[in-house]
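[1] Mind looking at a prediction? Sequence and model below.
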Amino acid sequence: MRYDDQGNEIKDFVLNQKPFSQSKIFNWGKKTLDVALLENSPFGALLDFGITCVISSSYADIFYNNCFKNGILPIKIDEEKIKQISEYL
């Protein structure tokens, strides 16, 4: 959880720590985003964290299309490029 019951940031949460607290891109890696539950559920959380772009090697069509509707840019690239990005980060 990013916040405690009083709405304060939890300091130990990785996305509340620098340099991740300013991240705008989420590297999903090679995980396939094809679970039906991902139709709308993650967008509020992603946007709350300030994420405006997700990177993966595959997406479910409904998730991919809903990204655009929710102001998130889904980038699809091959797994080798994802590895290179992960090593750089």
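    Thanks, I have the structure now. Residues are numbered from 1 along each chain as shown.
[2] Mind jotting down where the strands sit in this structure?
    25-29, 53-56, 73-76 (DSSP state E).
[3] Can you spell out which helices and strands pack onto the last one?
    So the one you mean is strand 73-76. strand 53-56, helix 61-69 (3 or more Cβ pairs under 8 Å, 6 or more residues apart in numbering; DSSP states H and E). C-betas here are computed from N, CA, C, even on glycine.
[4] Save those as CSV, and put in mean neighbour count too.
    Below are the helices and strands packed on strand 73-76 laid out as CSV (neighbours: other Cβ atoms under 10 Å):
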stretch, mean neighbour count
strand 53-56, 19
helix 61-69, 15
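[5] between those, which one is nearest to I75?
    Taking Cβ to Cβ, strand 53-56 is the member of those nearest to I75, at 4.8 Å.
[6] what's the average pLDDT for that closest one?
    In this model, strand 53-56 carries a mean pLDDT of 88.
[7] quick one: strands adjacent to that strand?
    Each strand paired with strand 53-56, and its direction, by DSSP bridges: strand 25-29 (parallel), strand 73-76 (parallel).
[8] Just give me the lowest mean pLDDT stretch among those strands.
    Within these, the stretch with the lowest mean pLDDT is strand 25-29, showing a mean of 66.
[9] gap between S23 and F13?
    From S23 across to F13, the span is 13 Å (Cβ to Cβ, to the nearest Å).
[10] Give me the more crowded residue out of these two.
    S23 (17 against 14; other Cβ atoms under 10 Å).
[11] The more buried one reaches C53, doesn't it?
    No. Counting by Cβ atoms under 8 Å, S23 sits too far from C53 to count as a contact (9.7 Å).
[12] what's near enough to touch I72?
    I72 makes contacts with F43, L46, L47, I51, T52, C53, V54, as judged by Cβ atoms under 8 Å, 6 or more residues apart in numbering.
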